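S.K.: All I have is the shape, not the residue letters:
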Ligand SMILES: NC(=O)C1=CN([C@@H]2O[C@H](COP(=O)(O)OP(=O)(O)OC[C@H]3O[C@@H](n4cnc5c(N)ncnc54)[C@H](O)[C@@H]3O)[C@@H](O)[C@H]2O)C=CC1
Ligand SMILES: CC(=O)[C@](C)(O)C(=O)O
Ligand SMILES: [Mg+2]
Ligand SMILES: [Mg+2]
């Protein structure tokens, strides 16, 4: 495993060069891999494994949208597509990719199939870390590992089809067979990860929940709204407010950050922008640090997990979520975005 310097800190990273697909296939050649759940990660991981030549089947609740999606992707009922129970029975590797709430609900169903020597795989540290709330306590005589793609299952699949890879983190919670690490890395390569970063279950879930509630999704969405509203209140048109809040960020500036970092983005903007942004950066950092501290504490205390679990148990959860998303879509900000996107020159 490669030791790479991140700033001054050395970390373990697994590369496709040292763990090529051939080695991954060899490692798992006697395994039947069942991907349980066909929502967002399920399809991405299952299709990449299938295309990479692994022996993979899908387990999914029948009479559901996800079941139909699996059929549409070429999984065949009673051949490669089964009920959750049947798939778990056939499998030696169970990839538990139901929603985190679904995992709690179905744990009693899959647990009897987790017999000695099998491997249980997660893409999140949620279930195991918050065990007081989830009751997900794996039997002692199985391997328990995690490979968590750092992005949407949709991106995992898209990048794979383009011949690229999405990076993932990996962790070993339990090594009953002595082969847990080898198998976890083989699965990580098999699902189409580019590079694999070492972590543990707790760190994965704390950082992931912080990231998605914070910068990656919650903070981003909230800051968009705040700036857009202020511009609109001061008489700017929707297109102007949208362009200066979202469009320029996604189309021009973030690609520069992705390419070569923040100083590179700054270096490619005007001196006027640079001076002002460098000063305001510190104000935004200092004002938001306490909010991020609150967020991390809420994650670490298990409060965020409790909120998710409770919300997901509500009968009308999906419907309410759709209403919330529809409300965002209907807002002037995102309606303006729709028109602006149509005006992108091809
Ligand atoms: N969405 C993503 O791109 C990412 C997800 N993850 C993790 O991967 C895992 C899977 O997440 P997603 O793909 O987002 O899940 P999802 O929310 O798309 O749901 C996956 C499947 O769970 C099934 N399901 C839900 N509740 C059920 C129940 N009570 N009984 C039976 N089946 C049920 C649904 O039919 C669906 O096929 C989670 O641990 C998540 O945190 C990790 C990285 C990114
Ligand atoms: C896509 C991803 O990595 C997230 C945001 O953490 C998630 O979907 O849970
Ligand atoms: Mg997440
Ligand atoms: Mg994530």
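M.R.: Sure, I can see it. Here the structure is a predicted model, which is why all the values come from computation and not from measurement. Ligands and ions are numbered 1, 2, ... in the order given.
S.K.: Tally up the residues packed near residue 16, please.
M.R.: For residue 16, the neighbour count with other C-beta atoms under 10 Å is 16. C-beta coordinates here come from the backbone N, C-alpha and C atoms, glycine included.
S.K.: Within range of ligand 3, give me the residues from the protein.
M.R.: The chain comes close to ligand 3 at residues 208, 212, as judged by C-beta under 5 Å from the ion.
S.K.: interface residues of the chain facing ligand 2?
M.R.: For the chain, the contact set with ligand 2 under C-beta under 6 Å from any ligand atom comprises 150, 151, 152, 208, 212, 216.
S.K.: need the contact list for the first one.
M.R.: When the contact criterion is C-beta atoms under 8 Å, 6 or more residues apart in numbering, the partners of residue 150 are 166, 167, 168, 169.
S.K.: Which ones among those residues lie within strands?
M.R.: Among the contacts of residue 150, the ones falling in strands (DSSP state E) are 166, 167, 168, 169.
S.K.: how far away is the first one from residue 182?
M.R.: Distance, residue 166 to residue 182, by C-beta to C-beta, to the nearest Å: 21 Å.
S.K.: so how far is residue 172 from the residue of the stretch 51-200 of the chain found nearest ligand 3?
M.R.: The nearest approach of the stretch 51-200 of the chain to ligand 3 comes at residue 124, 6.2 Å away (C-beta to the ion). For residue 124, the distance to residue 172 (C-beta to C-beta) stands at 15 Å.
S.K.: any chance you could map the strands in the protein?
M.R.: Using DSSP E, the strands of the chain run over 2-6, 9-14, 33-36, 56-59, 81-82, 93-96, 119-122, 143-149, 166-174, 193-198.
S.K.: Residue 302: how many residues sit nearby?
M.R.: Using other C-beta under 10 Å, residue 302 is surrounded by 14 other residues.
S.K.: Give me the distance between the closest residue to residue 219 other than its chain neighbours and residue 218.
M.R.: Using C-beta to C-beta, 6 or more residues apart in numbering and skipping the chain neighbours, the partner closest in space to residue 219 is residue 288 (7.3 Å). In this view, residue 288 and residue 218 are 12 Å apart by C-beta to C-beta.
S.K.: One more: residue 235?
M.R.: 29 Å.
S.K.: and those two? which has more neighbours close in?
M.R.: Neighbours were counted for residue 235 and for residue 218 using other C-beta under 10 Å; residue 218 has more, 15 against 8.
S.K.: Now do the contacts for that one.
M.R.: By C-beta under 8 Å, 6+ apart, the residues touching residue 218 are residue 212.
S.K.: Please apply the same query to residue 284.
M.R.: By C-beta under 8 Å, 6+ apart, no residues touch residue 284.
S.K.: Give the burial count for the residue of the stretch 51-200 of the chain closest to ligand 3, as a bare number.
M.R.: 20.
S.K.: I'd assumed residue 209 was in contact with it.
M.R.: No - using C-beta atoms under 8 Å, residue 124 is not in contact with residue 209, being 9.2 Å away.
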